[in-house]
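In: sequence and predicted structure below; questions after.
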Protein chains: 2
Amino acid sequence: MLVLIDAHQGVPAYRQIIDQLRFQIASGRLPAGTELPSTRALAQQLGINPMTVSKAYGLLEEDGLLRHRPGLPLQVVAQSAETLRAEREDRLRCALQPAALAATQLGISNARALTLFRSLLSETANADIANAEPDHDC
Amino acid sequence: MLVLIDAHQGVPAYRQIIDQLRFQIASGRLPAGTELPSTRALAQQLGINPMTVSKAYGLLEEDGLLRHRPGLPLQVVAQSAETLRAEREDRLRCALQPAALAATQLGISNARALTLFRSLLSETANADIANAEPDHDC
DNA sequence: TCATGCGTATTGCTTGACTGATACACCTGA
DNA sequence: TCAGGTGTATCAGTCAAGCAATACGCATGA
């Protein structure tokens, strides 16, 4: 399954599509040249409107991640290794930003925050990726 | 001036109040026992409705940062050392969990992830909360 | 040529967040 | 007791985001 929509999550559908595709492109799971399913096909698979998929595709194309030639399916655009590396780091930075803000506002020292993050990284690396769920509600 | 509202920022007024007060409490600029201005006083000062201030105060009270006794002004709650330390760390852990997961799935090394987090912590600590700017949308 | 599939521009609806006006209950202090 | 202070419950209005139905232009292949 390419994309999964969780209606219970509060995040709009088109943004979930963007996030998951962007993630899979950055991580290399969708290499350059990969053809994406049509808007109608993916929409039917997800049980949503084709326009919602189209909105996601359009924004990804604006970002230069996808290429669209009329009459042909959308393709993942080839990106340099450096661009991919920067993209990966950017995504991690975005994930870390709220944590850094929380640490500051909570008055937790940088050293303590880093120690916490280090232990979490070890736990996550050892955990099975399949059941990537938060242990308790945050 | 206790709080500043920037109408052009896109962030709702009640949330700007929460963020700024939370930061000032965490940083010690508003020590325990400090009496906050009344909802009406702060509302008039900011040119907004008292209910908007009340909403912010109410949420901060839910978080245990403020204490309200009917008929008396709101007070900053005394931060009991050990019990709140664990709770603060738990909240930071929850903020860090998705980042640790992203680092693992993106194939970013623990060392690189920690370096990134360290630099973000420095940036966040130096930033003034008044102009809490998103560098670029994540 | 025509049927088929493609992406999407346009339009309107729904939903929820945000805000504010009003009214109320409560406490303090004269 | 009562005037004046407090926070806030309730209700209604505004606004933008998200989504979907429809229709259109385009490319392909028989």
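Out: Sure thing, it's come through.

In: and chain A, which residues reach DNA strand C?
Out: By C-beta under 7 Å from any atom of the strand, the residues of chain A that approach DNA strand C are A:36, A:38-41, A:50-51, A:54, A:57-58, A:61, A:68, A:70-71, A:73-74. C-betas here are computed from N, CA, C, even on glycine.

In: PyMOL command to pick out the buried ones of those residues?
Out: Here is the PyMOL command that selects the buried residues among those (16 or more other C-beta atoms under 10 Å in any protein chain shown):
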select buried, chain A and resi 36+39+54+57+58+74
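
In: show me which residues of chain A sit near DNA strand D.
Out: A:12, A:13, A:14, A:15, A:48, A:49, A:50, A:51, A:52, A:70, A:71, A:72.

In: just say helix, strand or coil for the last one.
Out: The assignment at residue A:72 comes out as coil when based on DSSP: H, G, I helix; E, B strand; the rest coil.

In: how many neighbours does it have?
Out: 9 (other C-beta atoms under 10 Å in any protein chain shown).

In: ramachandran angles for residue A:35?
Out: phi -90, psi 130 (degrees, to the nearest 10).

In: could you find the closest non-adjacent residue to it?
Out: Nearest residue to residue A:35 in three dimensions, chain neighbours excluded: residue A:73, at 4.5 Å (C-beta to C-beta, 6 or more residues apart in numbering or on different chains).

In: quick one on the thing from earlier: single out whichever of the residues of chain A next to DNA strand D has the smallest pLDDT.
Out: Lowest pLDDT within those is found at residue A:71 (72).

In: backbone phi and psi for residue A:75, please?
Out: Dihedral angles for residue A:75 - degrees, to the nearest 10 - are phi -120, psi 150.

In: test my guess that it contacts residue A:35.
Out: Yes: the pair residue A:75 / residue A:35 is scored as a contact, 5.7 Å apart, by C-beta atoms under 8 Å.

In: between those two, which one's more packed in?
Out: Between residue A:75 and residue A:35, counted using other C-beta under 10 Å, the more crowded position is residue A:75 (15 against 11).

In: ok, now which ones touch the more buried one?
Out: Going by C-beta atoms under 8 Å, 6 or more residues apart in numbering or on different chains, residue A:75 touches A:32, A:33, A:34, A:35, A:36, A:66, A:67, A:68.

In: once you drop chain neighbours, what's closest to it?
Out: Nearest one to residue A:75, counting by C-beta to C-beta, 6+ apart, is residue A:67 at 5.1 Å.

In: now residue A:49
Out: Nearest to residue A:49 is residue A:43, by C-beta to C-beta, 6+ apart, at 6.0 Å.

In: still on that earlier bit, show the model's pLDDT score for the residue nearest to residue A:35.
Out: For residue A:73, the model assigns a pLDDT of 83.
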